[in-house]
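**Q** Build me a model:
(chains A and B)
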2 protein chains.
Amino acid sequence: MKYAFAKRVRHLHSSAVRDILKVVNQQGVISFAGGLPDDELFPLEAMEDAFSRVFATGKKSMQYSETEGFLPLRELILERMGRKGIRSYSERNVLITTGSQQAIDLFSRVMFNPGDVVLTEDPTYLAALQVFESYEAEIVPVASDDEGMIPEDLEQKMKQHKPKCVYVVPTFSNPAGRVWSLERRKHLLNMAHKHHVLIFEDDPYGDIQFNQEETYVPLAAMDTGSHVLYTSTFSKTAVPALRTGWITGPFQVVRMMAQAKQANDLHSNSLSQQALYQLFTHHDMDGHIQRLIEVYRSRKDVMIKTLQGADIPGLRFVEPKGGMFLWAELDEAINTSLLIKEAVAKGMAYVPGEPFYAGVPKYNTLRLNFTHSTPEKIEKGIGIFADVVHKEMESVAMYT
Amino acid sequence: MKYAFAKRVRHLHSSAVRDILKVVNQQGVISFAGGLPDDELFPLEAMEDAFSRVFATGKKSMQYSETEGFLPLRELILERMGRKGIRSYSERNVLITTGSQQAIDLFSRVMFNPGDVVLTEDPTYLAALQVFESYEAEIVPVASDDEGMIPEDLEQKMKQHKPKCVYVVPTFSNPAGRVWSLERRKHLLNMAHKHHVLIFEDDPYGDIQFNQEETYVPLAAMDTGSHVLYTSTFSKTAVPALRTGWITGPFQVVRMMAQAKQANDLHSNSLSQQALYQLFTHHDMDGHIQRLIEVYRSRKDVMIKTLQGADIPGLRFVEPKGGMFLWAELDEAINTSLLIKEAVAKGMAYVPGEPFYAGVPKYNTLRLNFTHSTPEKIEKGIGIFADVVHKEMESVAMYT
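**A** Residues are numbered from 1 along each chain as shown, chains lettered A, B, ... in the order given. Modelled structure (predicted):
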């Protein structure tokens, strides 16, 4: 039988990252491709204790529950967001989602008609682009540098495209590892207020901050309470397998998303929501996050040192101040999308930069994850990478 | 700020069932409204053991995993579906979803353009109607009786509307508690083959069968392998809180749904998938399901006996052969949508029949759940219900 799919599936394609991950898992290569935390650092004993505490509350813990999510967890989220300065919300502004990916998806579902414009950084989070495309939104990239979106281009595109939303990852962006300056944050907020445009602030990595002296104020903390949707997740601070994230923002929007969630999956896994509440209540998760930061910072340092020592042609990067990724540019003769096959064959993997671009891609870019590999593997993997790039440059030189 | 939502949210509204449930939970009334299993029957110790076994496998159990789902669980699902005669699939035809609700949603997402027609029974599963509406599909109800869709009306509507899909709950339907006859099942399959139409077979209740001598063959077991999508869930046989269901069917469709799932939530909670695998592998879940059946059957018997003894005006119903619901009609003077407020005020709740209809509703119908209340509560709740109906009939008589 021939299947007549909906038009919107034109834009559905398997994520490049996940396809690479599949190959990588099979072959046992050193992978800097995924956005994986290190499973050796997962709080196994604490998590097992947290689940025991949930089971001790009785059988009702396993029943159907409310779409909005487990109330004590939503209160805990409010308390933790409050520490970042996000204080204008109550529990009814918090919706628990199946990872922050579902938050992006539900927001898009209630917001975008085909042809509606969303402005994004360039490059930006791959899987957000895929969601926007799947709802047939028009993605317009805004020229971005190391401090965020460039004000002139943002203003021009706000006027020209009358977007419905601006999607940003202002703190330790994926893939570019950027931190927006306070000025750029304020400028975006002003623009959003002036043009009546929503901001979707995606902050999965905000807790993984390497330099604790600096302060990065979330857009949601500076908003008057009506223009910013803010999403984050427990995937990076606790564990990914529980698929628990949240979104907060204006009640009208969050309530509409909750109704979309009813149709989508009724509610997210509630045993896990209860376990996360127990985990953060009975265990020193702030201490745990501090240990994650220390390990990830030292791995970032090893990766940078190894990259710097490897004399890779044209290599440029900005040192990440947090998060999980290092974004690099190579000599313009290198196409990382073509090079990946050879890299995997030689025993290492990265994600080519191309799929992260909504606009014209820079083919000489790539994303390297530094959280999922030991220092030894980082040194070895970057060594392989350097060899592959050098060989490619020789081959390029032969034909030019 | 005024929020400009997408057009598709016109069709989003909070589920009538869930809104009633919220009130009910607050007030402690006897509720036959939800589709809740009895939490007293949840396998708490076995579940705790299952999670311990997962934790014992190590920290990798808590890492990100594949969109398609935990492979051993997909194999277990294949084995269990094989017992029902569904044998034409391999693991690649199985996608784990966040409850079977997400299976309906992902299917609709990859399948329906606005205006595409889906044929349904009438009445049918409320939350499926809401999903179809949210993708702007046109729902065309097919006249149905106690044996399924009426062949003449099905044939006529197949020809007239050229549907993309027929959505059915052929075994212990929600809300009507129907079981389709073998002839009607075969007829639907023939129609689907003839007109090149997909069948979406929703089977959440198939394992809760009261009369073990009868055999109800799933449509998926009789399909040649290309026209039927089949979904089910662990929510009724194990516990709902884990939100784990699955869909199986033609690879092309399942693969497209997996790609939509990547955008929707990356993957479902994988710790729970592993726990369900351990639960079904190391515990006698068939024995557990048998105990559920015995308890639920005896509660169904109590509800029927109480209803029959209460002399409720115009009461008609078909005895359920399985599942969780009894569907009843009352005197035509009664509007159950109007009566619900009084019923809740007096201490009992049901779901009015109206929202289950895609076509012209019968306002004198209602759905009663018999699995979530003890026999004592069933007797008391039905007693309250009978009083409320009698009082309403008196009031009707006064004004006519």
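
**Q** ok, and the closest non-adjacent residue to the residue of the stretch 101-250 of chain A found nearest chain B?
**A** Chain B sits closest to A:V239 of the stretch 101-250 of chain A, with a gap of 3.8 Å, by Cβ to the nearest Cβ. In this view, the C-beta of every residue, glycine as well, is placed from N, C-alpha and C. Distances taken as Cβ to Cβ, 6 or more residues apart in numbering or on different chains place B:M62 nearest to A:V239, at 3.8 Å, with adjacent residues excluded.

**Q** Could you report the distance from that neighbour to A:H282?
**A** For B:M62, the distance to A:H282 equals 18 Å [Cβ to Cβ, to the nearest Å].

**Q** The two: which is more packed in?
**A** Neighbour comparison, B:M62 and A:H282: the larger count goes to B:M62, with 23 against 12 (by other Cβ atoms under 10 Å in any protein chain shown).

**Q** about what we covered before: what sits against the residue nearest to A:V239?
**A** Contacts for B:M62 (Cβ atoms under 8 Å, 6 or more residues apart in numbering or on different chains) come out as A:39, A:42, A:44, A:47, A:239-242, B:271.

**Q** ok, now A:T97?
**A** Residues in contact with A:T97 (Cβ under 8 Å, 6+ apart) are A:103, A:106, A:231, A:244-247, A:261, A:268, B:265.

**Q** Over to A:I139?
**A** Contacts here follow Cβ under 8 Å, 6+ apart; on that basis A:I139 touches A:117-118, A:120, A:129, A:132-133, A:358.

**Q** How about A:Q130?
**A** A:Q130 sits next to A:11-13, A:15, B:262-263 when contact means Cβ under 8 Å, 6+ apart.

**Q** re earlier: any chance of the contacts of A:T97 in a markdown table with distance to B:V344 as columns?
**A** Below are those laid out as a markdown table (distance: Cβ to Cβ, whole Å):
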| residue | distance to B:V344 |
| --- | --- |
| A:A103 | 34 |
| A:L106 | 30 |
| A:T231 | 36 |
| A:T244 | 33 |
| A:G245 | 35 |
| A:W246 | 31 |
| A:I247 | 32 |
| A:K261 | 25 |
| A:S268 | 28 |
| B:D265 | 34 |
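
**Q** Mind picking the two most distant members of the residues you listed?
**A** With Cβ to Cβ as the measure, no two of those lie farther apart than A:L106 and A:T244, at 14.5 Å.

**Q** In strands only, show me the contacts of A:I139.
**A** Within the contacts of A:I139, residues falling in strands by DSSP state E are A:117-118, A:120.

**Q** show me which of the residues you listed neighbour chain B.
**A** Filtering the ones in strands among the contacts of A:I139 for proximity to chain B by Cβ under 8 Å from any Cβ of the partner chain leaves nothing.

**Q** what would the residues you listed look like in TSV with pLDDT and neighbour count?
**A** Listed next are the ones in strands among the contacts of A:I139 as TSV, based on pLDDT from 0 to 100; neighbours: other Cβ atoms under 10 Å in any protein chain shown:
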residue	pLDDT	neighbour count
A:V117	98	20
A:V118	98	26
A:T120	98	26
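
**Q** per-residue pLDDT, A:S144?
**A** Predicted confidence (pLDDT) for A:S144: 94.

**Q** what's the closest non-adjacent residue to it?
**A** A:E121 (4.4 Å).

**Q** That neighbour and A:A176 touch, don't they?
**A** Yes. Between A:E121 and A:A176 there is a contact under Cβ atoms under 8 Å: 7.5 Å.

**Q** Common neighbours of these two, please.
**A** With Cβ under 8 Å, 6+ apart, A:E121 and A:A176 have common neighbours A:S144.

**Q** And chain A, what are its domain boundaries?
**A** Annotated domains of chain A cover A:7-42+A:286-398, A:44-282 [automatic domain parsing].

**Q** mind listing what the residue of the stretch 101-250 of chain A closest to chain B touches?
**A** For A:V239, the contact set (Cβ under 8 Å, 6+ apart) comprises A:37, A:42-43, A:47, B:62-63, B:271.

**Q** from the residues you listed, which two are the most distant?
**A** Using Cβ to Cβ, the two most remote members of these are A:P37 and B:L271, lying 14.7 Å apart.

**Q** buried set for stretch A:170-181?
**A** A:170-180 (16 or more other Cβ atoms under 10 Å in any protein chain shown).

**Q** and what of stretch A:390-400?
**A** A:392-393.

**Q** Just the CA trace of it, in PDB.
**A** Only the C-alpha atoms of stretch A:390-400 are listed here, as PDB (Å, rounded to 0.1, in the frame of the first residue of the first chain):
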ATOM      1  CA  HIS A 390      45.700  17.300   8.200                       C
ATOM      2  CA  LYS A 391      45.200  14.500   5.700                       C
ATOM      3  CA  GLU A 392      42.200  16.300   4.200                       C
ATOM      4  CA  MET A 393      44.300  19.500   3.900                       C
ATOM      5  CA  GLU A 394      47.000  17.500   2.100                       C
ATOM      6  CA  SER A 395      44.400  16.100  -0.300                       C
ATOM      7  CA  VAL A 396      42.900  19.500  -0.800                       C
ATOM      8  CA  ALA A 397      46.300  20.900  -1.600                       C
ATOM      9  CA  MET A 398      46.900  18.200  -4.200                       C
ATOM     10  CA  TYR A 399      43.800  19.100  -6.200                       C
ATOM     11  CA  THR A 400      44.200  22.900  -6.000                       C
END
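
**Q** Contacts for it, please.
**A** So stretch A:390-400 is in contact with A:312-313, A:331, A:333-334, A:339, A:342, going by Cβ under 8 Å, 6+ apart.

**Q** Tell me, what's the model's pLDDT at A:R10?
**A** Looking at A:R10, its pLDDT stands at 84.

**Q** Let me know the average pLDDT across the strand or helix carrying A:A127.
**A** Using DSSP states H and E, A:A127 sits within helix A:126-134. Averaged over helix A:126-134, pLDDT sits at 94.

**Q** Show me the strands in the stretch 101-250 of chain A, by range?
**A** Assignment of strands within the stretch 101-250 of chain A using DSSP state E, counting those that start in this stretch yields the ranges A:117-120, A:138-141, A:144-145, A:148-149, A:165-168, A:198-202, A:228-233, A:245-248.

**Q** any chance of those in a markdown table, plus distance to A:L71?
**A** Output for the strands of the stretch 101-250 of chain A, formatted as a markdown table (distance: least, Cβ to Cβ, whole Å):
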| stretch | distance to A:L71 |
| --- | --- |
| strand A:117-120 | 32 |
| strand A:138-141 | 36 |
| strand A:144-145 | 38 |
| strand A:148-149 | 35 |
| strand A:165-168 | 29 |
| strand A:198-202 | 24 |
| strand A:228-233 | 18 |
| strand A:245-248 | 13 |
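
**Q** looking at those, which is closest to A:M111?
**A** strand A:165-168 (6.4 Å).

**Q** May I have the strands that pair with that closest one, each with its orientation?
**A** Under the criterion DSSP bridges, strand A:165-168 sits next to strand A:117-120 (parallel), strand A:198-202 (parallel) in its sheet.

**Q** partners of the residue nearest to A:V142 when sequence neighbours are not counted in the sheet?
**A** Residue nearest to A:V142 in three dimensions, not counting chain neighbours: A:M149, with 4.5 Å by Cβ to Cβ, 6+ apart. Counting by DSSP bridges, A:M149 forms beta bridges with A:S144.

**Q** residue contacts, the spatially closest residue to A:S65 that is not a sequence neighbour?
**A** Closest residue to A:S65 apart from its sequence neighbours, by Cβ to Cβ, 6+ apart: A:S270 at 4.3 Å. When contacts are counted by Cβ under 8 Å, 6+ apart, A:S270 touches A:61, A:64-65, A:69-70, B:241, B:243.

**Q** Out of those, who's the most crowded?
**A** Greatest neighbour count in those, by other Cβ under 10 Å, goes to B:R243: 30 neighbours.

**Q** quick one on the thing from earlier: buried ones among the contacts of A:V239?
**A** A:37, A:42-43, A:47, B:62-63, B:271.
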